[in-house]
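# no sequence on this one, just coordinates:
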């Protein structure tokens, strides 16, 4: 029986602004209880030295296979390379404090099996498989003026048109263990041929995807930027709107009526604004990115005012993965540290329909981050890349990455 006691700590439980003091007792990977008593013999003891415990962080918009900024290059890369690169990306995310990742547009049973069997050290991994895109949509990475075809994919996205084909594609993903189904219902920043505001897929196609996912107890996440695309998505049953940067107040009210979540990804736009040109991002994509970056902060405010649950995601591709923690800084600037911490823990857990993560409480999985201070006071603890300022615990085991 594995026993770990994390002592001498303040505790943020995932929701309350009032921090507890005490010791978190973890037995066989699950929090047995939280108390004030000293650990008896037989316990491994970790002294937090007055630091702060939070739930393990949850990234609800991660891409393990996004090893390049160019989607065409990703799809043309052999899966054997993608899997090895993904393992490194996953391990790095764990070292930053992310103990659960939802991969929306990527992942497969092989990668999940490698993680579950201990072949690679990684966060808890929930995947969608390739996202679903209409022809000429955000997931169609073929340039309009070239007859190029991916030779190894789909890795991030698959072009599927028509109700019957979509039903079959959803069933196949769920057969292979997908946690969520991802669809693209608007244009995007990096895709070469689609306007960012236009809704994609017909209402019948979106409803077919939602019906199939719902029948199996799953749900649908939609890449959507504009009010038109967001309404198109949530009115037809989509549970989470990814990005949503152009969200306005009336559309936020519709999202609330439909019980939809918003998953902002400010990290990606902030990183592309600072580093996109040097990485060869096209002028068209740079202009798209600037538009959504400027609006993304307002979108979060509209969502909060309407009562829409606001989660947190990174959406970082290629070498920009090292900006994952910087996304916490960007969202703290809009929400403040308490609500941003809720977004990346308890709100994301609710989005994922996981009742065993996102909180520090009896019966929860022993996934924790121990910070060398109080992140509600010293906010920089949350985005500091220095690993010495945090200890990551996954399933009751102290992580060494």
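Good, I have the coordinates. Values in this document were obtained by computation on a predicted structure and should not be read as measured data.
# What ranges in the stretch 1-150 of the chain fall below the confidence cut-off?
Counting by pLDDT under 70, the stretch 1-150 of the chain has low-confidence residues at 136, 139-150.
# show me where it has helices.
In the stretch 1-150 of the chain, the segments counted as helices under DSSP state H, counting those that start in this stretch are 71-75, 79-95, 109-116.
# closest one to residue 171 among those?
Judged by C-beta to C-beta, the one of the helices of the stretch 1-150 of the chain that comes nearest to residue 171 is helix 109-116, at 14.8 Å. Heads up, the C-betas are built off the backbone N, CA and C, glycines and all.
# which other residues reach that closest one?
With contacts defined as C-beta atoms under 8 Å, 6 or more residues apart in numbering, helix 109-116 is touched by 64, 83, 86-87, 90, 120, 122, 125, 127, 176-177.
# Between those residues, which sits nearest residue 286?
Lowest distance from residue 286 to the contacts of helix 109-116 (C-beta to C-beta) belongs to residue 64, with 25.5 Å.
# right, and that closest one touches residue 90 too?
Yes. Using C-beta atoms under 8 Å, residue 64 is in contact with residue 90, at 5.9 Å.
# that older thread, tell me which of the helices of the stretch 1-150 of the chain is the most buried.
Highest mean neighbour count among these (mean count of other C-beta atoms under 10 Å): helix 71-75, with a mean of 21.
# one step back: switch the contacts of helix 109-116 over to JSON lines; also include distance to residue 295.
What follows is those, written out as JSON lines (distance: C-beta to C-beta, whole Å):
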{"residue": "64", "distance to residue 295": "28"}
{"residue": "83", "distance to residue 295": "36"}
{"residue": "86", "distance to residue 295": "31"}
{"residue": "87", "distance to residue 295": "35"}
{"residue": "90", "distance to residue 295": "31"}
{"residue": "120", "distance to residue 295": "37"}
{"residue": "122", "distance to residue 295": "33"}
{"residue": "125", "distance to residue 295": "31"}
{"residue": "127", "distance to residue 295": "29"}
{"residue": "176", "distance to residue 295": "36"}
{"residue": "177", "distance to residue 295": "36"}
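# quick one: which of the residues you listed is nearest to residue 1?
Nearest member of the contacts of helix 109-116 to residue 1, counting by C-beta to C-beta, is residue 122, at 24.4 Å.
# hang on, residue 364 packs against residue 346?
No. With contact defined as C-beta under 8 Å, residue 364 does not count as touching residue 346 (10.6 Å).
# what touches both of the two?
Common neighbours of residue 364 and residue 346 are listed as 55, 358 (criterion: C-beta under 8 Å, 6+ apart).
# Would you check how far apart the residue nearest to residue 7 when sequence neighbours are not counted and residue 184 are?
With C-beta to C-beta, 6 or more residues apart in numbering as the criterion, residue 7 has its nearest non-adjacent residue at 4.6 Å, and that residue is residue 23. Distance, residue 23 to residue 184, by C-beta to C-beta, to the nearest Å: 46 Å.
# Looking at these two, which has the bigger crowd around it?
Summary of the neighbour comparison: residue 23 and residue 184, criterion other C-beta atoms under 10 Å, with residue 184 having more neighbours (26 against 23).
# Run through the residues that contact the more buried one.
Under the criterion of C-beta under 8 Å, 6+ apart, the neighbours of residue 184 are 131-134, 137-139, 157, 200-201, 222-223.
# In JSON lines, list these along with distance to residue 171 and neighbour count.
Putting those into JSON lines (distance: C-beta to C-beta, whole Å; neighbours: other C-beta atoms under 10 Å) gives the following:
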{"residue": "131", "distance to residue 171": "16", "neighbour count": "26"}
{"residue": "132", "distance to residue 171": "12", "neighbour count": "32"}
{"residue": "133", "distance to residue 171": "18", "neighbour count": "29"}
{"residue": "134", "distance to residue 171": "19", "neighbour count": "21"}
{"residue": "137", "distance to residue 171": "21", "neighbour count": "26"}
{"residue": "138", "distance to residue 171": "23", "neighbour count": "28"}
{"residue": "139", "distance to residue 171": "19", "neighbour count": "28"}
{"residue": "157", "distance to residue 171": "18", "neighbour count": "28"}
{"residue": "200", "distance to residue 171": "21", "neighbour count": "28"}
{"residue": "201", "distance to residue 171": "17", "neighbour count": "26"}
{"residue": "222", "distance to residue 171": "19", "neighbour count": "33"}
{"residue": "223", "distance to residue 171": "21", "neighbour count": "31"}
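# quick one: which of the residues you listed is nearest to residue 288?
Here the nearest of these to residue 288, counting by C-beta to C-beta, is residue 138; it sits at 11.1 Å.
# still on that earlier bit, what about the helices of the stretch 1-150 of the chain, which gets the closest to residue 230?
Set against residue 230 and scored by C-beta to C-beta, these come closest in helix 71-75, at 22.4 Å.
# for the closest one, packing partners?
Contacting helix 71-75 under the criterion 3 or more C-beta pairs under 8 Å, 6 or more residues apart in numbering; DSSP states H and E is no other helix or strand.
# From the contacts of residue 184, which land in strands?
131-133, 157, 222-223 (DSSP state E).
# now the helices: where do they sit in the stretch 251-400 of the chain?
Taking DSSP H, counting those that start in this stretch as the criterion, the stretch 251-400 of the chain contains helices spanning 266-275, 283-306, 326-335, 337-342, 348-351.
# residues of the fourth one that come out buried?
Of the residues in helix 337-342, those buried by neighbour count under the rule 16 or more other C-beta atoms under 10 Å are 337, 339-342.
# The stretch 151-300 of the chain: strands as residue ranges?
157-159, 181-184, 220-224, 240-243, 261-263 (DSSP state E, counting those that start in this stretch).
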